[in-house]
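Enquirer: Predicted model, plus sequence, below.
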Amino acid sequence: MLERATTGGGDIAALMLDMGARARKAARRLATLDAAAKNRALAAMAGKVRAASAGILAANAEDIAAMTANGQTAAYLDRGTLNEERIEAIAAGIEAVAALEDPVGGVIAAWERPNGLRIERVRTPLGVIGVIYESRPNVTADAGALCLKAGNAVILRGGSDTIRSNRAIHAALAAGLAEAGLPEDAIQVVPVTDRAAVGEMLKGLGGALDVIVPRGGKSLVARVQDEARVPVFAHLEGLCHIVIDRKADLDMAVAIAANAKMRRTGICGAMETLLVDRAVKDTHLAPICKALVAAGCELRGDAEVCAAIPEAVPASEEDWRTEYLDSILSVRVVDGLDDAIGHIETYGSHHTDGIVTDDPEAAAKFFAEVDSAILTHNASTQFADGGEFGMGGEIGIATGRMHARGPVGVEQLTSFKYRVHGTGQVRP
């Protein structure tokens with residue numbers, strides 16, 4: 001039976017305030033750890049995840065059974081499903097974080113003033129981070145490892161659909177921390193499914209939380225942005241586009257479009273809208289759409305697409321604004337690159353957008369004018385991932401413009417302070 005508060009909001013508030021206080025205490029210790037101590041803990045955490053594989057899979061099976069009974073979609077189930085390969089990927093991801101350079105204490109910039117003062121800008125931990133996420137149990141380990149590496153404590157509130165999986169993974173992480181002699185409170189998982197716990201996090205836990213990272217659907221992120229009393233690294237929906245330019249190589253366009261949509265339809269970097277330049281409609285549209293249909297993709301197109309592709313059904317205005325996270329794709333014919341960019345700026349979420357073209361000027365224009373956190377040229381949008389960027393994983397893809405943008409990895413989980421070195425200077 002899942003633990004759930006049933007005796008009123010006061011109990012939830014007390015639980016969350018206690019978690020915040022314990023996280024703040026742990027954060028003070030983490031901030032002074034050297035890289036070797038953190039890496040020993042990460043190595044132990046990875047080992048404990050592997051050792052707990054059977055228990056994690058059993059917990060996940062219960063979650064998936066409940067999700068199936070509740071009628072969740074195939075894409076949603078895929079996001080929540082764990083298997084031996086994915087658990088090994090979780091453990092390997094923790095080890096990849098350990099292999100990263102420790103950002104804490106790194107000198108970002110240094111300079112000397114005419115009066116002899118030497119000034120350094122140095123990376124420091126943020127403190128205590130709250131992560132609110134849905135359906136992906138791997139985030140429990142990814143976020144825990146990344147926050148630890150950056151010297152932060154973290155409070156994780158995962159989706160109720162995968163709470164058993166999250167708690168099983170967290171138990172392994174806590175065991176690794178204990179083995180390494182670090183406080184288990186450095187990584188905490190909210191043990192209840194009551195949504196009041198989210199509300200308490202948004203209030204800041206009595207000043208304990210320094211930043212919140214929401215990772216989930218539009219409604220979750222909107223709530224966090226509306227109600228949070230602490231800074232937010234917003235991870236909005238991934239309404240990702242790919243533009244097939246008039247100078248796109250056909251074989252490349254087919255391969256990239258098929259991969260961007262169908263490799264994994266439920267991830268935030270999956271393409272949701274394909275924009276094809278009218279100049280190559282007669283040569284490129286049908287082969288690309290044929291490959292997508294053959295892979296099991298439903299197409300929703302504008303009038304020109306529906307006239308050219310028998311399998312396509314008419315797209316509504318809402319389709320251009322929809323992150324399907326499923327085997328469904330909106331397709332539109334555009335009047336050149338300016339029209340494509342206009343569509344992206346009108347309907348996009350500023351997450352990840354790409355262009356397929358052999359024209360360097362078109363690629364440069366796309367990069368300059370599309371205001372998204374990640375832009376791709378002749379590459380699948382499914383590379384929108386901290387691990388693929390060599391960052392050892394990420395908590396999410398930040399789509400805002402302040403502090404962190406794009407994959408939120410260890411560097412993005414730090415702030416900075418200034419160190420001023422003098423030889424007795426006083427200000428006149």
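Expert: Arrived safely, thanks for sending.
Enquirer: distance between the ends of stretch 273-283?
Expert: Its start and end residues considered, stretch 273-283 measures 19 Å (Cα to Cα, to the nearest Å).
Enquirer: so how far is it from its chain's centroid?
Expert: 30 Å (Cα atoms, centre = their mean, to the nearest Å).
Enquirer: Could I get the average pLDDT for that stretch?
Expert: Averaging pLDDT along stretch 273-283 yields 98.
Enquirer: Identify the residues contacting it?
Expert: With contact meaning Cβ atoms under 8 Å, 6 or more residues apart in numbering, stretch 273-283 is reached by 239-246, 248, 250, 257, 261, 284-285, 288, 304, 308, 320, 329-337, 340, 343-344, 347. Backbone N, C-alpha and C define where each C-beta goes, glycine included.
Enquirer: Could you do stretch 77-95 as well?
Expert: 42-43, 45-47, 49-50, 53, 56-57, 60, 63-64, 67-68, 72, 135-138, 141-142, 145, 161-162, 165, 169, 264-267, 325, 387, 392-393.
Enquirer: Filter these down to just the buried residues.
Expert: By neighbour count, with 16 or more other Cβ atoms under 10 Å, the contacts of stretch 77-95 hold 42-43, 45-47, 49-50, 53, 56-57, 60, 63-64, 67, 72, 135-138, 141-142, 145, 161-162, 165, 169, 265-267, 325, 387, 392-393 as buried.
Enquirer: what is residue 271 paired to in the beta sheet?
Expert: residue 240 (DSSP bridges).
Enquirer: And the helices in the chain?
Expert: Taking DSSP state H as the test, the helices found in the chain are 9-30, 35-51, 53-69, 74-80, 84-99, 138-149, 163-179, 196-203, 218-227, 250-262, 286-294, 303-308, 336-347, 360-369.
Enquirer: Looking at these, spot the one closest to residue 354.
Expert: With Cβ to Cβ as the measure, helix 250-262 is the member of these nearest residue 354 (7.2 Å).
Enquirer: what's the angle between the closest one and helix 286-294?
Expert: Angle, helix 250-262 to helix 286-294, by axes from the mean of the first three to the mean of the last three Cα atoms, to 10 degrees: 30 degrees.
Enquirer: List the buried residues for stretch 276-292?
Expert: Those would be 276, 277, 279, 280, 281, 284, 285, 288, 289, 291, 292, for stretch 276-292 by 16+ other Cβ under 10 Å.
Enquirer: okay, and for the protein, where does confidence drop off?
Expert: 1-10 (pLDDT under 70).
Enquirer: Break it down into its domains, please.
Expert: Following automatic domain parsing, one gets these domains for the chain: 10-235+396-420, 240-383.
Enquirer: end to end, how far does the last one reach?
Expert: What that stands for is domain 240-383. 12 Å.
Enquirer: how close does residue 403 get to residue 63?
Expert: According to Cβ to Cβ, to the nearest Å, residue 403 and residue 63 sit 33 Å apart.
Enquirer: do residue 406 as well
Expert: Taking Cβ to Cβ, one finds residue 406 at 30 Å from residue 63.
Enquirer: tally of neighbours for the closest residue to residue 300 other than its chain neighbours?
Expert: Distances taken as Cβ to Cβ, 6 or more residues apart in numbering put residue 315 closest to residue 300, at 4.0 Å, once the chain neighbours are dropped. Using other Cβ atoms under 10 Å, residue 315 has 21 neighbouring residues.
Enquirer: Could you do the one 5 residues further on as well?
Expert: By other Cβ under 10 Å, the residues close to residue 320 number 19.
Enquirer: Which residue is the nearest non-sequential neighbour of it?
Expert: residue 347 (4.5 Å).
Enquirer: my read: that neighbour touches residue 323, true?
Expert: No: here residue 347 lies out of contact with residue 323, judged by Cβ atoms under 8 Å, at a distance of 10.6 Å.
Enquirer: Between the two, which contacts overlap?
Expert: residue 239.
Enquirer: and of the helices of the chain, who's closest to residue 189?
Expert: Between the helices of the chain, helix 163-179 lies closest to residue 189; by Cβ to Cβ that is 4.1 Å.
Enquirer: Would you indicate which residues of the closest one are buried?
Expert: By neighbour count with 16+ other Cβ under 10 Å, helix 163-179 contains the buried residues 163-177.
Enquirer: and which of those is nearest to residue 418?
Expert: Nearest member of these to residue 418, counting by Cβ to Cβ, is residue 177, at 31.4 Å.
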